[in-house]
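> how would this look folded up:
(one chain, ligands or ions: 2)
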Amino acid sequence: MDSIQEQIEKLKKEKHAVILAHYYVPGEVQDVADEIGDSFYLSKKAKESDADILVFAGVSFMGESAKILNPTKKVLLPVPEADCPMAHMADARRIARMREQYEDLAVVCYINSTAELKTLSDVCVTSANAVRIVKALPNRNIFFLPDGNLAAYVAEQVPQKHVICNDGFCPVHKRITPQDVLRAKEQHPGAQFLVHPECTRDVLALADFIGSTSEIISFVENSPESEFIIGTETGVFHEIYLRCPDRVLYPVMEEQSCEGMKRITLESVLKCLQQESGEVFLEESVSRRASHALDEMLRLAKA
Ligand code: 13P
Ligand code: SF4
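Ligands and ions are numbered 1, 2, ... in the order given. Predicted coordinates for the structure are as follows:
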């Protein structure tokens, strides 16, 4: 009997399928993936892929984005119910009100959002490119949604713009408090503190480095230091230990785990490949309108 990993490998070849996995899914799922990365990297890979089937090991907005970017492919989610709560934390009526209030408004939508919210937005961003893209926009008034913490970070980095922050948040990153960070720093005085911009501003203020998941991983890889306190979901530890096993990593606190991401198991990936289940379907009009914001992100990120 083949192992679960061998069965997955066989099915990938047979069906001309690829697995795209986010750094937050369990390590054994990352190990069977063809591409592992942060949201921006995976969006590019989904767009470029010539496979027949894309299995997206991640939460539902990631599968939706892959389908929008490459609509002729069959996109499968191993656990379609695995969701990012923040992806829903914005209100279409508030977007409409903002557009009425500011003539030159750009609605900037973090990729962690539903397809519906993307249809109402001018451009998508990820944590890896939000600052660069907001800087590049001709508009002065920016409504940034759904994440209020990333919005506040962008506002600080791009003071020449008027960034209006929505009030959504990631429950995993919001949970980390300055007190937790100070405690971790006291316990590990030689460690650098690296953090994702979804954390609150008072936590970011204590950081040695702020970046997306892949930027945090690269920072550790290229740093001469050896100890790090990591202020993001602990799924990134897997890739860091593969690239640099000598590094010592500490979470800020115990509960730094994303429930949705951790629902993706090897068994669910195998079942999804066997049964071609969990297919992402989007209405054509939603897909078409949402694709504008995602394509704009890819265009502006290159510029
Ligand atoms: P990245 O853009 O760094 O991959 O982050 C995605 C995410 O869900 C963070 O919570
Ligand atoms: Fe959403 Fe937070 Fe999980 Fe990222 S870590 S997918 S923002 S709930």
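> Is it correct that residue 202 is in contact with residue 180?
No: using C-beta atoms under 8 Å, residue 202 is not in contact with residue 180, being 11.1 Å away. (C-beta placed from N, C-alpha, C; glycine too.)
> what comes up buried for stretch 137-156?
For stretch 137-156, a neighbour-count test (16 or more other C-beta atoms under 10 Å) marks 137, 139, 141-155 as buried.
> Endpoints of it, how far apart?
End-to-end distance of stretch 137-156: 16 Å, with C-alpha to C-alpha, to the nearest Å as the criterion.
> before we move on, what about stretch 162-169?
Using C-alpha to C-alpha, the end-to-end distance of stretch 162-169 comes out at 20 Å.
> Residues touching that stretch, excluding its own?
86, 89-90, 94, 98, 134, 140-149, 151-152, 154-155, 198 (C-beta atoms under 8 Å, 6 or more residues apart in numbering).
> Now cross-check these against ligand 2 and list the overlap.
86, 198 (C-beta under 6 Å from any ligand atom).
> In helices only, show me the buried residues of stretch 137-156.
With DSSP state H as the criterion, helices contain 148-155 from among the buried residues of stretch 137-156.
> Going by how many neighbours each has, rank residue 202 and residue 180 and give me the top one.
Counting neighbours by other C-beta atoms under 10 Å for residue 202 and for residue 180 shows that residue 180 has the greater number, 19 against 11.
> how would you label that one: helix, strand or coil?
Taken by DSSP: H, G, I helix; E, B strand; the rest coil, the conformation at residue 180 corresponds to helix.
> who's in contact with it?
With contacts taken as C-beta under 8 Å, 6+ apart, residue 180 has the following neighbours: 252-253.
> Which residue, other than its chain neighbours, is closest to the spatially most central residue of the chain?
Central residue of the chain (C-alpha atoms, centre = their mean): residue 39, 3.9 Å from the mean position. In space, residue 39 comes closest to residue 126 once its chain neighbours are excluded; the distance is 4.4 Å by C-beta to C-beta, 6 or more residues apart in numbering.
> Does the one you found touch residue 213 like I think?
No: the pair residue 126 and residue 213 does not pass the contact test of C-beta under 8 Å, sitting 9.7 Å apart.
> For those two, list the residues in contact with both.
residue 38.
> who in the stretch 101-250 of the chain is up against ligand 1?
Within the stretch 101-250 of the chain, the positions near ligand 1 by C-beta under 6 Å from any ligand atom are 112, 126-128, 170, 196, 198, 212-213.
> buried residues in stretch 214-231?
Buried positions in stretch 214-231, judged by neighbour count with 16+ other C-beta under 10 Å: 214-217, 219-220, 223, 228-231.
> what's the answer for stretch 7-20, then?
By neighbour count, with 16+ other C-beta under 10 Å as the criterion, the buried positions of stretch 7-20 are 7-8, 11-12, 15, 17-20.
> and those residues, which of them are in strands?
Among the buried residues of stretch 7-20, the members found in strands (DSSP state E) are 17-20.
> And the residue nearest to residue 39, how far from residue 71?
From residue 126 over to residue 71 the distance is 20 Å, taken as C-beta to C-beta, to the nearest Å.
> of those two, who's got more company?
When neighbours are counted by other C-beta under 10 Å, residue 126 and residue 71 differ, and residue 126 comes out ahead with 23 against 14.
> Tell me the confidence at the more buried one?
What the model reports as pLDDT for residue 126 is 96.
> Dump the C-alpha coordinates for the lengthiest helix in the chain into CSV.
Among the segments of the chain that qualify as a helix by DSSP H, the longest is helix 284-302. Listed next in CSV are the C-alpha coordinates belonging to helix 284-302 (Å, rounded to 0.1, in the frame of the first residue of the first chain):
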residue,chain,number,x,y,z
GLU,A,284,-19.2,34.8,-14.4
SER,A,285,-20.1,38.4,-13.6
VAL,A,286,-18.5,38.2,-10.1
SER,A,287,-15.3,36.6,-11.5
ARG,A,288,-15.0,39.2,-14.3
ARG,A,289,-15.5,42.2,-12.1
ALA,A,290,-13.2,40.8,-9.3
SER,A,291,-10.5,40.0,-11.8
HIS,A,292,-9.9,43.7,-12.5
ALA,A,293,-8.7,44.4,-8.9
LEU,A,294,-6.4,41.3,-9.0
ASP,A,295,-5.0,42.1,-12.4
GLU,A,296,-4.3,45.6,-11.3
MET,A,297,-2.4,44.3,-8.3
LEU,A,298,-0.2,42.1,-10.6
ARG,A,299,0.4,45.1,-13.0
LEU,A,300,1.2,47.6,-10.3
ALA,A,301,3.4,45.2,-8.3
LYS,A,302,5.6,44.9,-11.4
